[in-house]
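Undergrad: what follows is a protein structure lacking sequence information:
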């Protein structure tokens, strides 16, 4: 009896530990990020595991949500509406909004989410996230350092990438490059369905092994990383624990920097 | 010898600059302000400014109704013509962009 208990306990513990093997990713999603002209776009803010479309975490009310266009910052926090997002395994609290893009250039959407307590890991997480939308092909702000506590500064336009291109970024903590930063890369394998607030069941790719689900890469001595994009679609990059804050509410805090890119086939 | 080098260097640089100028694409996008005026924004694919670029408003027959210039923010605002029209962004030969009035909406 005792043995059975221990074996099943061991199984449960190993299950618990296996969950964090897939990376958490804060998403800011809109279907198209390279637009012909200014238009109204719908945005979804979801904290999830994008490759598996797995466990979706409850988001608290974000601390900041804004957009930068032609160096001008516009606060969008009050425009957020709570929604429930359905993953393949559960549902979680998320947010949505819409925004009218007027004219041409880059719009850098920035999210500083509420602190999230991850019981599995016993730490707080805060994934500070950027997503860039462009209209007409005019570059204005995509390479600008916004000045977020943890930030990935793009060296390639996140919205103008063919499949096979390389995406490069600099990982920064309070404005300073982070040498050898640990960066997790994950493919958005199940497409978000905007009208259903859910992930599509159908997977676009299959991973032969867990190391391909969340790919761990590292920045170089100058805090720069590069990633060759093997497949069209959305890719998320998360530099882990790079922000200056390491404690929240008496517990360890991982302040991460996230950026999303979208590649298209030629 | 030094002079030849300098001349060659200069012509190489000017060639390089010329090829850069050719490589970028002119961009122009307009919207209706909803108050009887339209605003056009201009620029180039390399991010350079369109300040001073000539802007024309033309009617359906191609007659120029009005001519002006992009301001220092690469923007041009003018009264919206009554009939069918187009806007022309003229940054020189090979750098023309026409925007149809029907596509200029709020």
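TA: Received, thanks. From a predicted model like this one, the values you see are computed outputs, not experimental measurements. Residues are numbered from 1 along each chain as shown, chains lettered A, B, ... in the order given.

Undergrad: would you mind naming what in chain A lies close to chain B?
TA: Selection of chain A residues close to chain B by Cβ under 8 Å from any Cβ of the partner chain yields A:37-38, A:102-105, A:135-140. For the C-beta atoms, the positions are set from N, CA and C on the backbone; glycine is no exception.

Undergrad: hey, where'd the helices end up in the stretch 101-250 of chain A?
TA: Per DSSP state H, counting those that start in this stretch, the stretch 101-250 of chain A carries no helices over any range.

Undergrad: that one: strands as residue ranges?
TA: For the stretch 101-250 of chain A, the strands defined by DSSP state E, counting those that start in this stretch cover A:105-112, A:116-118, A:123-135, A:150-154, A:161-162, A:166-173, A:176-177, A:182-187, A:192-193, A:198-199, A:214-218, A:224-228, A:233-239, A:247-248.

Undergrad: average model confidence for the third one?
TA: The pLDDT scores in strand A:123-135 average 98.

Undergrad: so that strand versus strand A:150-154, what angle?
TA: Counting by axes from the mean of the first three to the mean of the last three Cα atoms, to 10 degrees, strand A:123-135 points 30 degrees away from the direction of strand A:150-154.

Undergrad: okay, now the sheet partners of strand A:123-135, with direction.
TA: In the sheet, strand A:123-135 lines up against strand A:34-35 (parallel), strand A:105-112 (antiparallel), strand A:116-118 (antiparallel), strand A:251-264 (parallel) (DSSP bridges).

Undergrad: and if you look at the fifth one?
TA: On the basis of DSSP bridges, the sheet neighbours of strand A:161-162 come out as strand A:251-264 (parallel).

Undergrad: how about the partner strand: buried residues?
TA: Buried residues in strand A:251-264, counted by 16 or more other Cβ atoms under 10 Å in any protein chain shown: A:253-263.

Undergrad: Throw those residues into a markdown table and include pLDDT and distance to residue B:38, thanks.
TA: Listed next are the buried residues of strand A:251-264 as a markdown table, based on pLDDT from 0 to 100; distance: Cβ to Cβ, whole Å:
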| residue | pLDDT | distance to residue B:38 |
| --- | --- | --- |
| A:253 | 97 | 49 |
| A:254 | 97 | 49 |
| A:255 | 98 | 45 |
| A:256 | 98 | 43 |
| A:257 | 98 | 40 |
| A:258 | 98 | 38 |
| A:259 | 98 | 35 |
| A:260 | 98 | 33 |
| A:261 | 98 | 34 |
| A:262 | 98 | 31 |
| A:263 | 98 | 35 |
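
Undergrad: any chance of those in CSV, plus distance to residue A:189?
TA: Shown next, in CSV, are the buried residues of strand A:251-264 (distance: Cβ to Cβ, whole Å):
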residue, distance to residue A:189
A:253, 28
A:254, 23
A:255, 26
A:256, 20
A:257, 22
A:258, 17
A:259, 18
A:260, 14
A:261, 15
A:262, 14
A:263, 14
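
Undergrad: re earlier: in a markdown table, list the strands of the stretch 101-250 of chain A along with distance to residue B:76 and mean neighbour count.
TA: Converted to a markdown table, the strands of the stretch 101-250 of chain A look like this (distance: least, Cβ to Cβ, whole Å; neighbours: other Cβ atoms under 10 Å in any protein chain shown):
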| stretch | distance to residue B:76 | mean neighbour count |
| --- | --- | --- |
| strand A:105-112 | 15 | 24 |
| strand A:116-118 | 46 | 17 |
| strand A:123-135 | 17 | 24 |
| strand A:150-154 | 30 | 26 |
| strand A:161-162 | 31 | 15 |
| strand A:166-173 | 35 | 21 |
| strand A:176-177 | 40 | 14 |
| strand A:182-187 | 42 | 21 |
| strand A:192-193 | 38 | 17 |
| strand A:198-199 | 44 | 22 |
| strand A:214-218 | 45 | 15 |
| strand A:224-228 | 39 | 16 |
| strand A:233-239 | 36 | 24 |
| strand A:247-248 | 49 | 14 |
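
Undergrad: quick one: closest of these to residue B:61.
TA: strand A:123-135 (30.6 Å; Cβ to Cβ).

Undergrad: quick check: angle from the closest one to strand A:233-239?
TA: Going by the same axes, to 10 degrees, strand A:123-135 makes 140 degrees with strand A:233-239.
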